[in-house]
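**Student:** Next one to model:
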Amino acid sequence: MANDKYTRVNDDVFLQQHSLLLCQSYRHWTGQDLLLAEPGQLVSTLMQAPFAVVSHDTQDDPIFNYANLRAQQLFGMDWQQITALPSRLSAEAMLREERAMLLERVQTNGYIDDYCGVRIASDGSCFTIRNATVWNLIDSQGRYCGQAAKFDV
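**Tutor:** Presented below is the predicted three-dimensional model:
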């Protein structure tokens, strides 16, 4: 669901900083690169990646603060819609306890790379995420900045 916001995506300071945070935190926990990008192209390469990447903030009821185009497509939402959504609402009500336990496991261990689960799109349809890596976002001073996930369907 590309929109005009992304025609100059590399000029957006938040997206530049957050894309770097996503990639640096992923490398910190997993020892691997989230993706390879040409210098100055990280934001657009991550935004257009063939796999989904989402993240949420640090509130008690975290809100998505990032979703690349693949994630927006899967959830059937544009940037404005998905970045207003509490991340817990991306899972079915009966699976939210399982999701909460998963996030606690990530909080404790830094990351996991073995998650599969069901998520809900905006039209009520469900999709299964596979081989998800979920990791803590930490800044250069080691401060917790939220959590992120990379997944395929």
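
**Student:** Low-confidence regions, this structure specifically.
**Tutor:** In the predicted model of the chain, residues 1-11, 94 satisfy pLDDT under 70.

**Student:** Quick check: next helix or strand after the lengthiest strand in it?
**Tutor:** Counting residues, the longest strand found in the chain (DSSP state E) is strand 126-138. Downstream of strand 126-138, the first helix or strand assigned by DSSP states H and E is strand 144-152.

**Student:** which secondary structure elements does the longest strand of the chain contact?
**Tutor:** When contacts are defined as 3 or more CB pairs under 8 Å, 6 or more residues apart in numbering; DSSP states H and E, strand 126-138 packs onto helix 13-30, helix 96-109, strand 111-120, strand 144-152. The way it works is simple: take the backbone N, C-alpha and C, and place the C-beta from them, glycine included.

**Student:** buried set for it?
**Tutor:** Phe127, Ile129, Ala132, Thr133, Val134, Trp135, Asn136, Leu137, Ile138 (16 or more other CB atoms under 10 Å).

**Student:** excluding its backbone neighbours, what's nearest the last one?
**Tutor:** Spelled out, that is Ile138. Ser25 (5.5 Å; CB to CB, 6 or more residues apart in numbering).

**Student:** Show the contacting residues for that neighbour.
**Tutor:** The contact partners of Ser25, taken as CB atoms under 8 Å, 6 or more residues apart in numbering, are Trp135, Asn136, Leu137, Ile138, Cys145, Ala148.

**Student:** Please convert the residues you listed to CSV, extending it with distance to Cys116.
**Tutor:** Listed next are the contacts of Ser25 as CSV, based on distance: CB to CB, whole Å:
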residue, distance to Cys116
Trp135, 16
Asn136, 20
Leu137, 22
Ile138, 25
Cys145, 25
Ala148, 17
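
**Student:** Nearest to Gly110 among those?
**Tutor:** Asn136 (5.5 Å; CB to CB).

**Student:** Out of the helices and strands packed on strand 126-138, indicate the one that is most buried.
**Tutor:** Neighbour counts (mean count of other CB atoms under 10 Å) averaged over each of the helices and strands packed on strand 126-138 peak at strand 144-152, with a mean of 20.
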